[in-house]
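**Student:** generate coordinates for the sequence data below:
(one chain, ligands or ions: 1)
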Amino acid sequence: MTSTTTKGMVITAALVALGILTLSTLLIPPTVYIPQRIAAQWDSIWRDNLPKNCSAENILCAPKEFLGCVQIERTPTGWYVRRWEPAANMIRLPLAASGDCLAGDNAMWHIHPATVDPVAIYKCVHNSIMCNFVTDTSIHLRFYRDLSGDDLETLWNTPGAIASLMTWAPGYTVGAIVWRHKILYPAKVVIQ
Ligand SMILES: [Zn+2]
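**Tutor:** Numbering: from 1, shown residues only. I've put the predicted structure just below:
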């Protein structure tokens, strides 16, 4: 009798726990977890795309975006980035990147490279001096911290895509997710 009661209590407790977990996954948007090793690779690609060869003569030195294909595993405790690879047939432009992902990929990642602040370029032009913005310690970078409307539309319109992640500076990745038939932005993104 005692053991049956205990068993019943354990089963009830387990069902309550399952119910809370199910309820929380329905009500609380999932956090996207990025492993340190992948975040480090993304940071390094971002750094490789710092503006180069900027001068008074070459103010169109805008670096280009870079697109990656990502696989995310969805679990009741969160969404986990498991692997990624650069998109195939990538086309890189200053404000966009496109490419092909594999059938198993369900998310995308790209960078928003920093650009040289136009004020810094103006000063170089105005003073008629050559400026090397990369080695110049007075470099001023402009960052693009948010996903664009196009980024969110692309996520919505890409069949099977559940998340769009973007790195705008080393250590800083933001993301949008498709959750409960809606785009949620910004989603909680954690590097761990
Ligand atoms: Zn973007």
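
**Student:** roughly how far apart are residue 31 and residue 101?
**Tutor:** The gap separating residue 31 from residue 101 is 23 Å, by C-beta to C-beta, to the nearest Å. Every residue, glycine included, has its C-beta placed from N, CA and C.

**Student:** ok, those two, which is more surrounded?
**Tutor:** Using other C-beta atoms under 10 Å, the more surrounded residue of residue 31 and residue 101 is residue 101, with 22 against 16.

**Student:** touching, that one and residue 109? I think so.
**Tutor:** No - using C-beta atoms under 8 Å, residue 101 is not in contact with residue 109, being 10.4 Å away.

**Student:** hey, where'd the strands end up in the protein?
**Tutor:** Secondary structure of the chain (DSSP state E): strands located at 32-34, 67-75, 78-86, 88-93, 96-100, 107-111, 115-116, 141-142, 163-169, 172-179, 182-184, 189-191.

**Student:** who does the last one pair up with?
**Tutor:** What it means is strand 189-191. Under the criterion DSSP bridges, strand 189-191 sits next to strand 32-34 (parallel) in its sheet.

**Student:** how far out from the middle of the chain is the strand it pairs with?
**Tutor:** Relative to its chain's centre, strand 32-34 lies at 10 Å (C-alpha atoms, centre = their mean, to the nearest Å).

**Student:** buried sites along that strand?
**Tutor:** 32-34 (16 or more other C-beta atoms under 10 Å).

**Student:** so is stretch 39-49 next to the ion?
**Tutor:** No - Stretch 39-49 lies out of reach of the ion by C-beta under 5 Å from the ion, never closer than 12.6 Å.

**Student:** from the chain's centre, how far out does that stretch sit?
**Tutor:** Distance, centroid of stretch 39-49 to centroid of chain: 12 Å (C-alpha atoms, centre = their mean).

**Student:** same deal with stretch 177-186?
**Tutor:** Using C-alpha atoms, centre = their mean, the offset of stretch 177-186 from its chain centre is 14 Å.

**Student:** what residues does that stretch touch?
**Tutor:** With C-beta atoms under 8 Å, 6 or more residues apart in numbering as the test, stretch 177-186 has contacts from 26, 29-30, 32, 79, 147, 152, 155-156, 161-163, 174-176, 187.
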